[in-house]
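[1] Fold the following and give me the result.
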Amino acid sequence: MTPRLMHGDCLEKMAEIPAGSVDLVLADPPYGMAFQSNRVEDSKKKAKIAGDERPFIWFLHQAYRVTKDGGALVCFTDWKNQEVWRMAIECAGFAIKSHCVWDRGAHGMGDLKASFAPKHDVFWFATKGAFQFSGKRLPSVLQALRPSRDSTPHPTAKPPALMLDLCRSLCPPGGHVCDPFLGSGATGEAAVQGGFQFTGVELDQGYFNFAKQRIMSVLTPDTPTKDPFA
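    Sure, this is the predicted structure:
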């Protein structure tokens, strides 16, 4: 199945996706934390994510529009802003079903003297209409080791194994997965490997190029040979 990747602003590019055509919107948007790691020296720090100064909730109405009745949304965030995201998801029309945790397997730095070592992210699971699991019902705490810093240019990349588990549980076989914030392409890689249709949008040219190469590397020989990324 030929993936479709679009370079540009998701608020514009998602308008090109037909209404009611997506089974699962699997989104890792800018949380609103202006994240930049303090674990590395300044010369090696990765750039902050565009739009991360405040929760980038604006895509949610387009996400609801493109999602089928009976479809679902997964939206990653962090604990500080999770309530903003919950309210925005519900205002967009989705029904919140679960609050879930991704155990990253290794902790970050944070405030070394006055806070617990951060080891998890959270995500909201929400539905549109009468949803039923397509695959195995997952627990609300999922464990997957975060990617190493050297394996991806993105500062908050997710592991493909985690995204594949979500796709298989929440999207019917051969169904359509959409990622409005493609980043370094973990969700696209997982969706292609799992045999799902995939649409991804990415604003940053560097991340887009990286994701394109990453997804091309897992395309099967019987995938159409025309450029799917035009």
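[2] most remote residue from this structure's center?
    Within the chain, the residue lying farthest from the chain centre (Cα atoms, centre = their mean) is Lys113, at 31.5 Å.
[3] so what strands line up beside the helix or strand in which Leu73 is found?
    Using DSSP states H and E, the element containing Leu73 is strand 67-77. Counting by DSSP bridges, the strands paired with strand 67-77 are strand 22-27 (parallel), strand 120-128 (antiparallel).
[4] Output the below-cut-off pLDDT ranges for the protein.
    Across the chain, residues meeting the criterion (pLDDT under 70) sit at 1, 33-53, 108-110, 148, 150-151, 153-155, 220-230.
[5] Strands of that one, residue ranges please.
    Ranges of strands within the chain are 4-7, 22-27, 67-77, 95-103, 120-128, 141-143, 176-179, 197-202, based on DSSP state E.
[6] Please identify the buried residues of the fourth one?
    Taking 16 or more other Cβ atoms under 10 Å as the neighbour-count basis, strand 95-103 is seen to contain the buried residues 96, 100-102. Where C-beta positions appear, they are placed from N, C-alpha and C, glycine not excepted.
[7] next one: the first one
    Of all the residues in strand 4-7, those buried under the rule 16+ other Cβ under 10 Å are 4-7.
[8] what does the last one give?
    Neighbour-count burial for strand 197-202, with 16+ other Cβ under 10 Å as criterion, is recorded at 197-202.
[9] Is it possible to get CSV of the residues you listed that adds distance to Leu138?
    Shown next, in CSV, are the buried residues of strand 197-202 (distance: Cβ to Cβ, whole Å):
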residue, distance to Leu138
Gln197, 21
Phe198, 20
Thr199, 23
Gly200, 22
Val201, 25
Glu202, 26
